[in-house]
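[1] Prediction below, plus the sequence it came from.
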Amino acid sequence: MSQQHPVTVCAIATRQETIGGISITPGQDVHRLTAELGYWLAEPYWGRGWMTETVIAFTDDAFARLGLVRISAEPYAWNAPSCRVLEKAGFFLEGRLRASAVKDGQITDQLLYAKVRI
Ligand SMILES: CC(C)(COP(=O)(O)OP(=O)(O)OC[C@H]1O[C@@H](n2cnc3c(N)ncnc32)[C@H](O)[C@@H]1OP(=O)(O)O)[C@@H](O)C(=O)NCCC(=O)NCCS
């Protein structure tokens, strides 16, 4: 059961309320040993290093528990804080996905970051 339905979503919470979230989406078939990471944190809590700490702990656990060899993330190219979080958490920039998303009506690039453990 747990192998078919591993926990891949976690809330980030104080004792009072949920203030963020982090998740990974495992791939399928030939991509079954890879997963894509996503996360957010409520604005009052930005700039304290919390997301960096969370990304490190969550991805360490995901590699170990799910047997993954690669975790990737695709922040918008203009999202400097998110890119910084990934770099501090040991991800490497692999490329630029040009015109890969539409955000608030604007076509935008994403950057491809990944952390690999073989
Ligand atoms: C991106 C986000 C998760 C960052 O969380 P956080 O807890 O504030 O991140 P941290 O404090 O761990 O690290 C932020 C880093 O970005 C840097 N940073 C902040 N604003 C910046 C800017 N405008 N330009 C460059 N770097 C910036 C900080 O200085 C810090 O780096 P440092 O430790 O080297 O000084 C948070 O802003 C968020 O949830 N944003 C909205 C959702 C989102 O963008 N999710 C990610 C989708 S890929």
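    Yep, it's here. Residues are numbered from 1 along each chain as shown.

[2] The ligand contacts on this structure?
    Residues of the chain lying close to the ligand by Cβ under 6 Å from any ligand atom are 39-41, 46-52, 73, 75, 79-82, 84-85. Using the backbone N, CA and C atoms, a C-beta is placed for each residue, glycine as well.

[3] Filter those residues down to just the buried residues.
    39, 41, 51-52, 73, 75, 82, 85 (16 or more other Cβ atoms under 10 Å).

[4] Can you name the two of those residues that sit furthest apart?
    41 and 73 (14.4 Å; Cβ to Cβ).

[5] Residue 22: neighbour count?
    Residues lying near residue 22 (other Cβ atoms under 10 Å) number 21.

[6] Could you find the closest non-adjacent residue to the residue nearest the centre of the chain?
    Taking Cα atoms, centre = their mean as the criterion, residue 37 is the residue nearest the geometric centre of the chain, at 2.7 Å. Leaving aside its chain neighbours, residue 37 sits nearest to residue 73 (4.4 Å; criterion: Cβ to Cβ, 6 or more residues apart in numbering).

[7] How about residue 50?
    residue 41 (6.3 Å).

[8] still on that earlier bit, my understanding was that the residue nearest to residue 37 contacts residue 87; is that so?
    No. The pair residue 73 / residue 87 is not scored as a contact, 10.8 Å apart, by Cβ atoms under 8 Å.
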